[in-house]
Each structure stands twice: as structure tokens, then as C-alpha cells.
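Visitor: predicted model and sequence below, questions to follow.
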Amino acid sequence: MPSPSASQASATSTFRRFRRNRRGSAAVEFALVAPVFFVLLFAIIETAIMFFASQVLETITQSASRQILTGQAQSANYPDATHFRTSVVCPAIPAIFNCNNIYVDVKNYPAFTNVVINSQIVAGSFDSSTLSYNPGGPGDIIVVRLFYQWQLFVTGLGYNISNLNGSQRLLVATSAFRNEPY
């Protein structure tokens, strides 16, 4: 049977050898840092894609607003927002949006001072009950808004930019103008 001092010396030398051996330290450090790194990376990518989608929605709103501004939408006699959406908005939509999930709000105001833009978020849900379609006539003041509920995937670890229930963010694009005398 080995003496207690020999086994203690053996344990001490084994511990020193283990402490000096660095072969697996990079793998252990990466395993500790990798989850946080990848969550941060995916959060940055998702935020960038969401801002890109928001800018695309702004461009689509400007294009659709031009149809009202010049009187082309009024001449086409779109009876409601659904027909305006399918005829004017949807053809301009790229693959990142689903046309069925875009909501259109076109309102007519007597003066720019009367324009009121309310939030469409009520208790964490999108409220489409106040949306309307009134493109007005020549010289009228119009506010066109497009809404899209954007699905978010990286909402953990304290990074949550959703403003709707179900990890969604309401993207809103607005255009205000006076119709041309067409």
C-alpha cells in the first residue's frame, strides 16, 4: 500500500499537470461565450431586417400615396381599402411581406391642423376598427398609413422590441399631402 505522503505528492503533481494543460480551455471558453454571442448576433440581424422592412413599407406608402395625390386612385373608383390594397399596394410589395397582412388607412382632413394620428395599438393588439378609406378630391388633405404586423424571433435575454402580443412589432408608414388639382 502506498504511503500517504506518496499519494499526496501524486495528487499534487496531477493537479499541477492539470492546471498547466491548456488544450481544452479554448473549447470551454467558447462554450461559455457562444450562446450570448449568437443571441446578440441574431438580435442585430433581426433588427436590421426589421428596419429594412420598415423602409420598404415607407417606399410602398409613398408610391401608393402618389396614386391618390394625382387623382388616379379616385378615377379608378376603388370602393374600399381592400380594392385599393390589392390594385395599388400589393403589386409593389416584395417577397418580405404578405399582402394579406397589410392594412390600409386613408383619411381626408379639412386642414393640416386637424390631422390626428392615433396609435392603432390597444392593449397589446392591433386595432383595425378605426381604419377607413376616403381618398378625397382635388385640393383635399390626405393622410395615408400602411400597417404591417412583423413577426420577431429573438426576444429573449432582455432584448424585446415587440409592441404587440405574440412577439410582433407593428410597422407603420405614413404619408401626408394635399391632393393635386386633377
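Guide: Okay, I see it.
Visitor: can you give me the helices for this structure?
Guide: 4-20, 25-69, 72-75, 81-84 (DSSP state H).
Visitor: and the longest one, what other elements does it pack with?
Guide: Same thing as helix 25-69. When contacts are defined as 3 or more C-beta pairs under 8 Å, 6 or more residues apart in numbering; DSSP states H and E, helix 25-69 sits against strand 141-151, strand 168-178. From N, CA and C alone the C-beta is placed, and that goes for glycine too.
Visitor: tell me the most buried of the ones you listed?
Guide: strand 141-151 (a mean of 20; mean count of other C-beta atoms under 10 Å).
Visitor: CA-only coordinates of that one in PDB, if you can.
Guide: Extracted in PDB, the C-alpha atoms of strand 141-151 (Å, rounded to 0.1, in the frame of the first residue of the first chain):
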ATOM      1  CA  ILE A 141     -55.600  67.000 -47.300                       C
ATOM      2  CA  ILE A 142     -55.000  63.300 -47.100                       C
ATOM      3  CA  VAL A 143     -53.100  61.000 -44.700                       C
ATOM      4  CA  VAL A 144     -52.200  57.500 -45.900                       C
ATOM      5  CA  ARG A 145     -51.000  54.900 -43.500                       C
ATOM      6  CA  LEU A 146     -49.900  51.400 -44.100                       C
ATOM      7  CA  PHE A 147     -49.600  48.900 -41.300                       C
ATOM      8  CA  TYR A 148     -47.900  45.500 -41.100                       C
ATOM      9  CA  GLN A 149     -47.500  43.200 -38.100                       C
ATOM     10  CA  TRP A 150     -43.900  42.000 -38.300                       C
ATOM     11  CA  GLN A 151     -43.100  38.700 -36.500                       C
END
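Visitor: next, format the helices of the chain as TSV and append distance to Phe177 and mean neighbour count.
Guide: Formatted as TSV, these follow (distance: least, C-beta to C-beta, whole Å; neighbours: other C-beta atoms under 10 Å):
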stretch	distance to Phe177	mean neighbour count
helix 4-20	72	10
helix 25-69	5	14
helix 72-75	13	16
helix 81-84	16	17
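Visitor: possible to save the ones you listed as TSV with mean pLDDT and distance to Ala123?
Guide: As requested, those are exported to TSV (pLDDT from 0 to 100; distance: least, C-beta to C-beta, whole Å):
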stretch	mean pLDDT	distance to Ala123
helix 4-20	65	58
helix 25-69	92	22
helix 72-75	94	33
helix 81-84	94	23
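Visitor: what separation do you get for Ile96 and Ile49?
Guide: The spacing between Ile96 and Ile49, counted by C-beta to C-beta, to the nearest Å, is 8 Å.
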